[in-house]
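Participant: build me a model:
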Amino acid sequence: MELTTETIRFIEENARADVRSLALQAKKYPKVDMAMAVVQIAGRQIAEAKVPTWYRTEGLLYPKHLSMEQCSSEATAIYKAGLVEGETFADLTGGFGIDCSFLSRKFKKADYVERQAELCELAKHNFPLLGLNIDVHNEDGVEYLKRMQPVDCLFLDPARRDGHGGKTVAISDCEPDVSALEELLVEKARKVMVKLSPMLDLSLALKDLKHVCEVHIVSTDNECKELLLILQKETASTEVSIHCINSLGALNGYRIYQEYAFTQEQERTSDCPLTHEVEVYLYEPNASIMKAGAYRSLTQAYPVKKLHPSSHLYVSPHFIEDFPGRKFQVEAVSGFGKKELKTFLQGMEK
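Facilitator: Purely as a prediction, here's the structure:
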């Protein structure tokens, strides 16, 4: 997957160009591998915002658009890396290698497994440039799992689409099927991390799997990105802790995360004070909390009241700075009646 000097120069000179326009100009540049150039330019443009550490590393090669679209962001990869550590690690669904590159730094030995030969070639090229010594295996992750030696940590990111391209909601519809492999996974690793789409049904996943000890729902700038399940053969508690994470960006080189944690038992047994009055401040929980359904327990962790059992809005008379979500100061309140709303809007214009 070597690039010619002409192709490298073309990529550098057109780093900000519209790739769709460039793709139509191949005949103007006979010495340029235009198909490869377009893929690399598009990949770098996505990486600039999604994986800035990779973007700043010279010489990296990027895959086709679908792999770039599906790979983890740097923010979520860094968060995952903070959950694990040990001697040995294996990523059974390597993909473009973003997660593997960040997670592997927490271990002395790491293995990357991927059945697509093209992605393995990219991994072999990119990992050394990133200062990583990771063994690359071009084979099926399930077959590798069956014969591998036990490790401290396993990572999987199952494919989340069915045979017709539709999105799945059940973990058993993903490939590989983690529910079918669960016993083997926990035999082969002290800790197993499974990355799932936030579209999946969390309650259904917890019913399907026996060894989940932690759930991490990760959002970036209030957009739900990943559902992480931590599996262990031996767990200290029968109650699964659910962590709702919202990445707010970086400050002085460190990621800033907003976190709220609870258990399903806490949610079931928590009192939930209601009010019909809109008070001075209005709150909307962040996307991770909404996905987790932590609507009752939230009122016990923060001095807020819920506006209605079917509403996910909360109010308080005093400002709660650390509330995990969006915060508003209420200036006026109106009903949805036509005349009332018209009068309200006219008043707001003055």
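Participant: which residue ranges form the helices in the stretch 51-200 of the chain?
Facilitator: 52-55, 65-70, 74-81, 98-103, 117-129, 141-147, 178-188 (DSSP state H, counting those that start in this stretch).
Participant: output the contacting helices and strands for the fourth one.
Facilitator: Other elements packing on helix 98-103 under the criterion 3 or more C-beta pairs under 8 Å, 6 or more residues apart in numbering; DSSP states H and E are helix 74-81, strand 88-91, strand 109-113, helix 117-129, strand 151-156. The way it works is simple: take the backbone N, C-alpha and C, and place the C-beta from them, glycine included.
Participant: re the thing from before, pick out the shakiest of the helices of the stretch 51-200 of the chain, pLDDT-wise.
Facilitator: Averaging pLDDT over each of the helices of the stretch 51-200 of the chain singles out helix 65-70 as the lowest, with a mean of 88.
Participant: what helices or strands is that one leaning on?
Facilitator: For helix 65-70, the packing partners by 3+ C-beta pairs under 8 Å, 6+ apart are helix 34-50.
Participant: which strands or helices does the helix it packs on pack on?
Facilitator: For helix 34-50, the packing partners by 3+ C-beta pairs under 8 Å, 6+ apart are helix 5-13, helix 19-23, helix 52-55, helix 65-70.
Participant: distance-wise, check the most centrally placed residue in the chain relative to residue 16.
Facilitator: By C-alpha atoms, centre = their mean, the mean C-alpha position of the chain lies nearest to residue 226, the distance being 3.3 Å. Separation of residue 226 from residue 16 (C-beta to C-beta, to the nearest Å): 29 Å.
Participant: pull the contacting residues for the nearest residue to residue 51 once chain neighbours are set aside.
Facilitator: Leaving out its chain neighbours, the residue that sits closest to residue 51 by C-beta to C-beta, 6 or more residues apart in numbering is residue 74, at 4.6 Å. Listed by C-beta atoms under 8 Å, 6 or more residues apart in numbering, the contact set of residue 74 reads 50-54, 98, 102.
Participant: show me which of these is closest to residue 349.
Facilitator: residue 50 (41.0 Å; C-beta to C-beta).
Participant: what's the local residue count around the closest one?
Facilitator: 21 (other C-beta atoms under 10 Å).
Participant: surely residue 67 meets residue 119?
Facilitator: Yes. Shown here, residue 67 and residue 119 form a contact pair, counting by C-beta atoms under 8 Å, at 6.7 Å.
Participant: need the overlap of contacts for those two.
Facilitator: Applying C-beta under 8 Å, 6+ apart, one finds that residue 67 and residue 119 are jointly contacted by 95-96.
Participant: report pLDDT for residue 169.
Facilitator: Looking at residue 169, its pLDDT is 71.
Participant: picking up where we left off before, closest one to residue 297 among the helices and strands packed on helix 98-103?
Facilitator: That would be helix 74-81 among the helices and strands packed on helix 98-103, by C-beta to C-beta, at 22.1 Å.
Participant: let's have the helices of the stretch 51-200 of the chain in TSV, adding distance to residue 271.
Facilitator: Listed next are the helices of the stretch 51-200 of the chain as TSV, based on distance: least, C-beta to C-beta, whole Å:
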stretch	distance to residue 271
helix 52-55	44
helix 65-70	42
helix 74-81	32
helix 98-103	40
helix 117-129	51
helix 141-147	45
helix 178-188	35
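Participant: mean neighbour count, the ones you listed: which tops it?
Facilitator: Stretch with highest mean neighbour count among those: helix 98-103 (a mean of 25; mean count of other C-beta atoms under 10 Å).
Participant: circling back: distance of the residue nearest to residue 51 from residue 91?
Facilitator: Distance from residue 74 to residue 91, counting by C-beta to C-beta: 16 Å.
Participant: what of residue 132?
Facilitator: For residue 132, the distance to residue 91 equals 12 Å [C-beta to C-beta].
Participant: likewise for residue 328?
Facilitator: As judged by C-beta to C-beta, residue 328 and residue 91 stand 42 Å apart.
Participant: so these two - more neighbours on which side?
Facilitator: Neighbours were counted for residue 328 and for residue 91 using other C-beta under 10 Å; residue 91 has more, 27 against 12.
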